[in-house]
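Q: Next comes the sequence, and after it the predicted model I'd like to discuss.
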Amino acid sequence: MDGRMVVLLLMLSILLLSPAPVGGEAQTVHGLTVKLSLESPVTLRCLGPVTLFYLPSKGLAPSPPLSVAPWQEVNGGTIRHQLTWRVDLVDGRIILASEQGDVVTTDLPLMLCSPDGSGFELNGACYPGALILWPEDGLVFFNEVGLEDYVCGVLGSEAYASWPLEALKANAVAIRSYTLYSLGKHGTFDLCDTIHCQVYRGLPEEAVFRTAVTATAGEILRWQGAPINAVYHSSSGGRTRNNEEVWVGTPLPYLRSVEDFDHDGRNYHWPQHYLFSWAELTRALGVAMDRELHLVPFFNAAGERLGFRFYSYLTGKQLRNEELRRILSLPSPNFRIFIYPEETEITQAATLPPGTNLLFTGKGAGHGVGLSQWGAAALAGRGYSYRQILRHYYGPEVVLSESFAFSRAPRLVSW
Ligand SMILES: [Zn+2]
């Protein structure tokens with residue numbers, strides 16, 4: 001069919017909001033909704049036939065979730081899938097423009113489904129499932145993706161293909177458990193694709209990631225019957241941390257501090273020291289620049305430092321190591337602080353006169369709670385199975401559920 005004719009049909013059917021033909025069966029989709037952060041301009045290639053759906057209302061409603069929205073099929077809605085499309089939002093309208101001059105445009109949310117499962121290529125990365133384009137202040141992209149495909153994508157983004165298979169399997173179970181624990185984390189959608197939730201850059205090319213996911217398909221960790229908050233990190237720097245000491249919260253029996261085996265890992269030592277001038281430090285901490293700054297470390301019962309209390313003229317605040325890490329963009333909360341250039345370590349209450357510089361040195365990467373990825377790789381290298389690895393980092397109270405079926409209420413696509 002001529003490209004321009006396809007455009008005409010699409011525009012007519014979307015703009016007139018024509019009722020969909022009756023008689024078709026509802027399509028059920030068991031998917032997660034993941035918000036994608038894509039660099040503009042976005043290029044799209046459909047890797048197989050595509051069916052288009054629209055949502056006859058605008059705006060991201062807080063409820064129900066995006067995944068159960070009443071999507072309707074665009075009459076005659078398909079686009080030529082061999083083409084490369086540029087996707088933009090102009091004056092509130094989604095515009096898909098191909099190199100051959102085809103144009104699809106609408107101001108309503110659009111969903112592209114891939115009936116044969118071929119999926120899509122977005123800015124060169126392959127995404128399975130369905131793609132949702134949502135016109136807001138900017139154009140927002142969502143990927144409706146099956147659980148196992150999503151786990152494979154996250155594994156490929158968060159782990160190294162060179163790690164032993166048992167380590168990748170342990171990671172896959174942790175990722176799957178964390179995902180199910182986190183469903184609906186963002187309200188209208190489940191997870192974002194950044195480090196805030198889990199990094200997800202579509203499906204990886206290396207087959208070993210799929211091997212690890214398939215070998216553990218459906219397996220999750222449970223505690224008291226529910227999926228656990230199976231947080232993980234790159235490297236703790238020798239010992240993982242108790243959850244309530246890194247973040248505020250109830251101590252969880254499966255997020256206890258345990259010995260780590262990450263000493264030979266790439267992230268055991270920070271790649272550099274971090275030197276902060278007085279101006280940088282006082283600006284970051286929000287304290288007076290021309291006054292003395294008092295630092296008072298606080299500790300847990302085992303004598304491990306949890307953070308510092310900072311006092312300055314009329315201001316004072318308590319910051320945990322993890323909060324300081326985030327404020328100062330450090331690799332991990334496992335650090336030591338030295339007065340520079342004297343190199344005196346601050347291990348007890350100290351008063352810093354204006355002009356003092358501080359040097360931060362440390363170990364590890366990430367928050368240090370739950371599974372250590374480099375530690376898991378080391379244990380797998382010693383012959384540990386993925387179950388033994390998970391048991392070490394999450395403790396004996398969690399149960400590995402072997403026959404979990406993803407049972408979220410399916411979205412109904414009716415036409
Ligand atoms: Zn997130």
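A: Ah, there it is.
Q: buried stuff in the helix ranked longest in the chain?
A: As assigned by DSSP state H, the longest helix anywhere in the chain is helix 165-181. Along helix 165-181, these residues count as buried under the neighbour rule (16 or more other C-beta atoms under 10 Å): 166-181. Where C-beta positions appear, they are placed from N, C-alpha and C, glycine not excepted.
Q: how about the residues of the stretch 151-300 of the chain near the ion?
A: Listed as neighbours of the ion in the stretch 151-300 of the chain under the rule C-beta under 5 Å from the ion: 192, 196, 197.
Q: of the residues you listed, buried ones?
A: 192, 197.
Q: Take the residues of the stretch 151-300 of the chain next to the ion and lay them out in TSV including secondary structure, distance to residue 279 and pLDDT.
A: Shown next, in TSV, are those (DSSP: H, G, I helix; E, B strand; the rest coil; distance: C-beta to C-beta, whole Å; pLDDT from 0 to 100):
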residue	secondary structure	distance to residue 279	pLDDT
192	strand	33	96
196	coil	29	93
197	coil	34	96
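Q: Switch the residues of the stretch 151-300 of the chain next to the ion over to a markdown table; also include distance to residue 44.
A: Converted to a markdown table, these look like this (distance: C-beta to C-beta, whole Å):
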| residue | distance to residue 44 |
| --- | --- |
| 192 | 20 |
| 196 | 24 |
| 197 | 23 |
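Q: Indicate the residue of the stretch 201-350 of the chain located nearest to the ion.
A: Nearest to the ion in the stretch 201-350 of the chain, going by C-beta to the ion, is residue 231, at a distance of 13.1 Å.
Q: ok, now which ones touch that residue?
A: By C-beta atoms under 8 Å, 6 or more residues apart in numbering, residue 231 lies in contact with 178, 243, 255, 367, 369, 370, 371.
Q: So the last one is in contact with residue 173, correct?
A: No: using C-beta atoms under 8 Å, residue 371 is not in contact with residue 173; the gap is 9.2 Å.
Q: residue boundaries of the strands in the stretch 51-200 of the chain?
A: Here the stretch 51-200 of the chain has its strands, by DSSP state E, counting those that start in this stretch, at 51-54, 72-73, 84-90, 93-98, 103-106, 110-113, 120-122, 125-127, 130-135, 139-145, 191-192.
Q: Any idea which of those strands has the lowest pLDDT on average?
A: Mean pLDDT values for these show the minimum at strand 72-73, a mean of 84.
Q: dump the residue contacts of the nearest residue to residue 47 once chain neighbours are set aside.
A: Counting by C-beta to C-beta, 6 or more residues apart in numbering, residue 47 lies nearest to residue 118, which is 4.0 Å off, once chain neighbours are set aside. If you count contacts by C-beta under 8 Å, 6+ apart, residue 118 has them with 46, 47, 48, 49, 81.
Q: which one of the residues you listed has the most neighbours?
A: Compared across the contacts of residue 118, residue 46 has the highest neighbour count, 21 neighbours, by other C-beta atoms under 10 Å.
Q: where are the low-confidence patches of this structure?
A: Scanning the chain with the threshold set as pLDDT under 70 gives 1-30, 58-68, 403-415.
Q: now for it, which residue lies nearest the mean position of the chain?
A: residue 198 (2.0 Å; C-alpha atoms, centre = their mean).
Q: Would you confirm that it contacts residue 181?
A: No: the pair residue 198 / residue 181 is not scored as a contact, 11.4 Å apart, by C-beta under 8 Å.
Q: Give me the subset of the contacts of residue 231 that lies in strands.
A: Among those, the ones falling in strands (DSSP state E) are residue 371.
Q: can you redo the contacts of residue 231 as TSV with distance to residue 360?
A: Below are the contacts of residue 231 laid out as TSV (distance: C-beta to C-beta, whole Å):
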residue	distance to residue 360
178	29
243	23
255	25
367	16
369	20
370	24
371	25
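Q: Now flag whichever of the contacts of residue 231 is closest to residue 223.
A: Looking at the contacts of residue 231 and their distance to residue 223, the nearest is residue 255, at 10.0 Å (C-beta to C-beta).
Q: ok, the closest residue to that closest one other than its chain neighbours - contacts?
A: Excluding the flanking residues, the one nearest residue 255 by C-beta to C-beta, 6+ apart is residue 243, at 3.8 Å. Residues near residue 243 by C-beta under 8 Å, 6+ apart: 231, 249, 251, 252, 255, 369, 370.
Q: which of the residues you listed count as buried?
A: Buried subset of the contacts of residue 243 (neighbour count, 16+ other C-beta under 10 Å): 231, 252, 255, 369, 370.
Q: phi, psi of the first one?
A: Yep, that's residue 231 we're talking about. Here is the backbone geometry of residue 231 (degrees, to the nearest 10): phi -70, psi 150.
Q: for the last one, same thing?
A: Backbone torsions of residue 370, given as degrees, to the nearest 10, read phi 80, psi -150.
Q: again with the third one
A: Residue 255 has phi and psi values of phi -120, psi 60 when expressed as degrees, to the nearest 10.
Q: Is it in contact with residue 229, as I believe?
A: Yes: Residue 255 is within contact range of residue 229, at 7.4 Å (criterion: C-beta under 8 Å).
Q: And the contacts of residue 231, which is closest to residue 34?
A: When these are ranked by distance to residue 34 (C-beta to C-beta), residue 178 comes first, at 13.4 Å.
Q: Would you mind measuring from that closest one to residue 145?
A: 15 Å (C-beta to C-beta, to the nearest Å).
Q: coming back round to it: looking at the contacts of residue 118, point me to the pair that's furthest apart.
A: Spanning the widest gap among the contacts of residue 118 are 47 and 49, at 9.5 Å by C-beta to C-beta.
Q: What is the burial count for residue 120?
A: 22.
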